[in-house]
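[1] Structure, please.
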Amino acid sequence: MSAPVIDHHATGYSLPHAYAMARAAELAYHGREDIERQAAEWGFDRVRHHWTRFTPPFPLEDTQAYTMASDHMIVTAFRGTELKQLRDWLSDATTPPWPGPGGKGFVHYGFGEALQSVYPDVAGTLAELRDNGQTLWLTGHSLGGALAMLAGSRLHFEDPHLTADGIYTFGQPRTCDRLLAGAHDKAFTKRMFRFVNNNDVVAQLPPEPAYHHVQALRYIDTAGKVRDTMPVLAGLGDRAKGFTEDVWSPAGDGVRDHPIARYVAALEKNCT
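    Got it, this is the predicted structure:
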């Protein structure tokens, strides 16, 4: 983690800004001291940590996120979780749905519970730190991507003066039903960017038709190129290519495509 990569005056979508948000999502996996040190190097003078622990039988141990603020920009990044734990949890179809924000549709119960554990602190922090008309960006990888998308929906539908200027997610699972996905797409047109690296297994869970993805897909192909659009047949061919690149372990491609480091590396390559 070296030189500053975040343009505090960024607006809209760009690959350099996507790379910056991937780095911020990656940082969420680090400890508090590392987060504060890196945030300072990136030019953010205020940092808040959001953390809560769960008790059994809830499948997650905790939810963690952080918010960093400068005079021009605020970023809240949500941390993901261990892949096997998340995959087993998202494959469980027995959990009841959680009501969606603003009464719109529903979300996976685990996502609703995990976000609710930190949401009052996150919303309160954003209201406190957004004191200079700063742009607001939400980001996260894996579970963190789902929480970033859902936090954006809650802020928009329940507290509109905190609507995010952009949401960047990486390897995000399906988070909600069709109704909320549609409402989110309408509210965040050209402000929601969902990156999926080839066969990333988490992006394929929980199963359809109960759960759906929001739109605004940015697909990373087997060559590491970010594609804003991908025709269906070409996408199927590229996914098949990913499966066959390792003839000894084709089923492992979805796991190999998931780590945040793969997203960071691909986006860095696309910026050069």
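[2] what's the next secondary structure element after the strand or helix carrying A123?
    In this assignment (DSSP states H and E), A123 forms part of helix 119-129. Downstream of helix 119-129, the next assigned helix or strand under DSSP H and E is strand 135-141.
[3] What is that next one packed up against?
    Counting contacts by 3 or more CB pairs under 8 Å, 6 or more residues apart in numbering; DSSP states H and E, strand 135-141 is packed against helix 15-27, strand 73-78, helix 143-158, strand 166-170. Quick note: C-beta positions are derived from backbone N, CA and C, even for glycine.
[4] Tell me what angle the second one forms with helix 143-158.
    By that I understand strand 73-78. 120 degrees (axes from the mean of the first three to the mean of the last three CA atoms, to 10 degrees).
[5] Kindly report the same for the last one.
    An angle of 160 degrees separates the directions of strand 166-170 and helix 143-158 when computed by the same axes, to 10 degrees.
[6] Run through who's touching the helix or strand following strand 166-170.
    Using DSSP H and E, the next helix or strand after strand 166-170 towards the C-terminus is helix 178-187. Residues outside helix 178-187 that contact it (CB atoms under 8 Å, 6 or more residues apart in numbering): 100-101, 104-107, 149, 152-153, 156-157, 163, 175-176, 192, 212-216.
[7] Buried members of the residues you listed into ChimeraX, please.
    Here is the ChimeraX command that selects the buried residues among these (16 or more other CB atoms under 10 Å):
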select :100,101,104,105,106,107,149,152,153,156,157,175,176,192,212,213,214,216
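[8] Surely S153 touches G100?
    Yes. Judged on CB atoms under 8 Å, S153 makes contact with G100 at a distance of 7.3 Å.
[9] Touching both of these two, which residues are there?
    In contact with both S153 and G100: 176, 180, using CB under 8 Å, 6+ apart.
[10] Low-confidence stretches in the chain?
    1-4, 91-94, 230-253 (pLDDT under 70).
[11] Centre-most residue in it?
    Nearest residue to the geometric centre of the chain (CA atoms, centre = their mean): G145, 1.9 Å.
[12] What separation do you get for it and P96?
    22 Å (CB to CB, to the nearest Å).
[13] and what of P56?
    18 Å.
[14] check contacts around the nearest residue in space to L129 that is not next to it in sequence.
    Distance criterion CB to CB, 6 or more residues apart in numbering; nearest residue to L129, sequence neighbours excluded, is A69 at 4.2 Å. Contacts for A69 were tallied using CB under 8 Å, 6+ apart; they are 44-47, 75, 129-130, 134.
[15] Nothing else from me, thank you.
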